Structure formats: structure tokens, C-alpha cells
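>>> Need the 3D shape of this:
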Amino acid sequence: MAQNIKKDYKRKDVSLLFKQAWKTYRKSEFKEAILEMMKVNRVAFKELMNVGPERWSRAYSPVMRYRLMTSSIVESMNSCLRRTKAEKTRTQLTPWATELIKERNIDSEKYTVRPIDSVNFNVNDGIKDGLVNLSEKTCSCAKFEVDKLPCRHTLVVIRYSKKPLPDYCGDCYKTTSWVEAYAGIISPIGHPNDWNIPEDVRSKVVLLPPFRAQAGRPRKKRFKSAGEHGNGKIKNCTICKKSSHNRQNYRNAQPCQAPPPCPSVSSSTSATSKRPRRPYRCRECGDEGQNSQKCPLVPKEVGTS
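As a prediction, the model looks like this:
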């Protein structure tokens, strides 16, 4: 869906607002992002509202996504589920969850905790405080109950209360569940000569689909889709210096006027670049506007007849 948004609406701020809307956990932050999108592009806003926020946003999702925002199981689990890696892991949490907890612990070192009672705590993070309830495993940032993994506010409270961390993590992040996922075995199929194939299946002849080679040399690199970022240079507007549009799409642009020509040697004789001429004087009488040939004081030569 993010690729379709980027392909249909070329403006960069629309895709950024969409990413901000679907990634946030707080409903208040979702409303801020979606209202800003309505101001930027009303067509994109109506399209997303027609689809329904519960189908693409974390804040309004009716099911537990566990930080997974894609419908492709190959993209989600292919790189993290490995039998050998699961069997060698000796920690209570999976390596991915352990690394994420480590990063969140570093980010939350400067947070302060104010206990309200034995289970409720107020955590000050300098931006938006988090209200943590350890008994219900909830936090006002909504990350704790949505991901089933302690957020930064919850980690501060767990360190403050000296509670065991695995007790507040979901079973999907524990090594025991990871190993149980590979508990089953897959039997080998053996050599093809030993297969028991029915006669009706053996009699069928399956041919390759018709193939027509394209003209020219085959491509070694595929075309990039709309959601992939290339290495091209970002073009900015020459008027406001922003990257969301160009000079032609600038809404407040005035009619463009051609810049004045650069001065050159050939243009020195033009009327715009010509310097004022000094008035010439007569060298005999000193009056302006005449020369010695037109001076009345100079006697003219009389031709011989």
C-alpha cells in the first residue's frame, strides 16, 4: 500500500505523512498525521479513509501484528526463523528481541520514574510522559500492549522495580516458542525411481509454456518499483528550495521574467550599456556643439577660378 501511495502521489510529503500515520501507536498522533495529510492532499486522504484505518494502521488495528506491517509471510519470517540458530540460542529471549531490548535500554537511560502506587508508574521522557501499569501490562504509548514487548517506559519501570524482564515479554519473543516452531520433522522424499506414482498421473505429459525471447540483450538488473529508493539526486524547487515540488508546480510563483543579459564586449555599443558621450568643443573658440570646420571665426579658403 505504501508503494501505491508513492506511485500515485508523487509528492514526497504525502508518503512521509502516510508512513508517520501507519507507524504510530498513539491514536492522537495518528489523527495529527492524517489531518495534516488532508491539508496537503485531500484525494489521498479520502482514499485512505475509504480503505479504513483498521486495515493499515497500528493505532486502529483490531488484531495483534507484533510489529509486522506486511501481509507477506516470506518478507516477515524468512530471514529470522532458522532451525539451527534457534537450537544454538541459550538466552530466554530471541536474539532479535534481545537486541531490540538492548537498544531501548540505552535510549531510556535518562528517563525518570515517579511511582503512583505498587503497579502504576509515571515515566518522564521529556516529550510525552508514559503511564505504565505492570499488572495489566499496558502503557499510554500503546507499544507495550500492541507489540507484547516492553517499551522504553516499561523497561525503566522494570529496572526500577527489579522485576524479571521475561515475565513481561510475549511468548512469541521467547526462545522456547522459537524452538518449538521447529520441533516437527520433514521426511525426505527419496529417489524419483522409488516414488509410487499413479498411472493416470504418469501418463500425462507436461510441456513448458510457450516462450518468446525478447529482442536485444537480456537485462541483468530489474526495474525498481515505486517503493524502492534509488541513488538519484533529489531535485528541489528553485524558488522556495523545497523538494516536494518543482518551479512549475509552485503554487505562489509569479510569472517568470527573463534575467537581464550579461554584459559583454559586443554589447558595449548597445543603447542600454552605452556611456554618455562627452560634448565636443571647437579648438579655435572653445564653444560646445561645433568643431573647427564650422567655426565662424576661422576664415574659409576661397578656391581659385
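
>>> Could you chop this protein up by domain?
In terms of domains, the chain is parsed into 2-63, 91-180 (source: automatic domain parsing).

>>> Return the member of the ones you listed having the minimum mean pLDDT.
Ranked on mean pLDDT, the bottom entry among the domains of the chain is domain 2-63, at a mean of 82.

>>> ok so, going back, what about the domains of the chain, which gets the closest to residue 239?
Closest approach to residue 239 among the domains of the chain (Cβ to Cβ): domain 2-63, 16.1 Å. Where C-beta positions appear, they are placed from N, C-alpha and C, glycine not excepted.

>>> For residue 241, find the nearest of the domains of the chain.
That would be domain 2-63 among these, by Cβ to Cβ, at 14.0 Å.

>>> Identify the residue nearest residue 163 in space, chain neighbours excluded?
If the residues on either side of it in the chain are set aside, residue 163 comes closest to residue 134, at 7.1 Å by Cβ to Cβ, 6 or more residues apart in numbering.

>>> Can you pull the phi/psi pair for residue 101?
phi -60, psi -40 (degrees, to the nearest 10).

>>> Report how many residues lie close to it.
17 (other Cβ atoms under 10 Å).

>>> on that earlier part again, can you put the domains of the chain in a markdown table and add distance to residue 203?
As requested, the domains of the chain are exported to a markdown table (distance: least, Cβ to Cβ, whole Å):
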| stretch | distance to residue 203 |
| --- | --- |
| domain 2-63 | 45 |
| domain 91-180 | 43 |
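
>>> circling back to that earlier point, so the residue nearest to residue 163 versus residue 98, what's the distance?
Shown here: residue 134 relative to residue 98, a distance of 21 Å by Cβ to Cβ, to the nearest Å.

>>> And residue 276, by the same measure?
Applying Cβ to Cβ to residue 276 and residue 98 gives a distance of 84 Å.

>>> Have a look at the two and say which one is more surrounded.
The residue with more neighbours, out of residue 276 and residue 98 and counting by other Cβ under 10 Å, is residue 98; that gives 15 against 5.

>>> That one and residue 91 touch, don't they?
Yes: between residue 98 and residue 91 there is a contact under Cβ atoms under 8 Å: 5.9 Å.

>>> roughly how far is stretch 12-26 from the heart of the chain?
9 Å (Cα atoms, centre = their mean, to the nearest Å).

>>> Go through that stretch and flag the buried ones.
13-18, 20-22, 24-25 (16 or more other Cβ atoms under 10 Å).

>>> Looking at those residues, which are in helices?
Judged by DSSP state H, helices contain the following of the buried residues of stretch 12-26: 13-18, 20-22.

>>> Helices along the stretch 51-200 of the chain, start to end?
Ranges of helices within the stretch 51-200 of the chain are 73-77, 83-88, 95-107, 143-147, 152-161, 175-180, 199-202, based on DSSP state H, counting those that start in this stretch.

>>> And those: which comes nearest residue 33?
Per Cβ to Cβ, nearest to residue 33 of those: helix 143-147, 16.6 Å.

>>> Remind me what the closest one packs against, helices and strands.
Applying 3 or more Cβ pairs under 8 Å, 6 or more residues apart in numbering; DSSP states H and E, we find helix 143-147 packed against strand 138-139.

>>> Go ahead and name everything in contact with the strand it packs on.
130-133, 144-145, 151, 153-154 (Cβ atoms under 8 Å, 6 or more residues apart in numbering).

>>> What is the nearest of these to residue 249?
residue 151 (40.6 Å).

>>> quick one: contacts for that closest one?
Taking Cβ under 8 Å, 6+ apart, we find residue 151 in contact with 104, 130, 139, 141, 143-144.

>>> Just put these in a markdown table and tack on neighbour count and distance to residue 201.
Shown next, in a markdown table, are those (neighbours: other Cβ atoms under 10 Å; distance: Cβ to Cβ, whole Å):
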| residue | neighbour count | distance to residue 201 |
| --- | --- | --- |
| 104 | 18 | 55 |
| 130 | 25 | 61 |
| 139 | 24 | 57 |
| 141 | 23 | 57 |
| 143 | 22 | 52 |
| 144 | 25 | 54 |
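
>>> Could you dump the residues you listed into a markdown table with distance to residue 223 added?
Shown next, in a markdown table, are the contacts of residue 151 (distance: Cβ to Cβ, whole Å):
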| residue | distance to residue 223 |
| --- | --- |
| 104 | 38 |
| 130 | 44 |
| 139 | 43 |
| 141 | 40 |
| 143 | 37 |
| 144 | 41 |
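
>>> Thanks a lot, catch you later.
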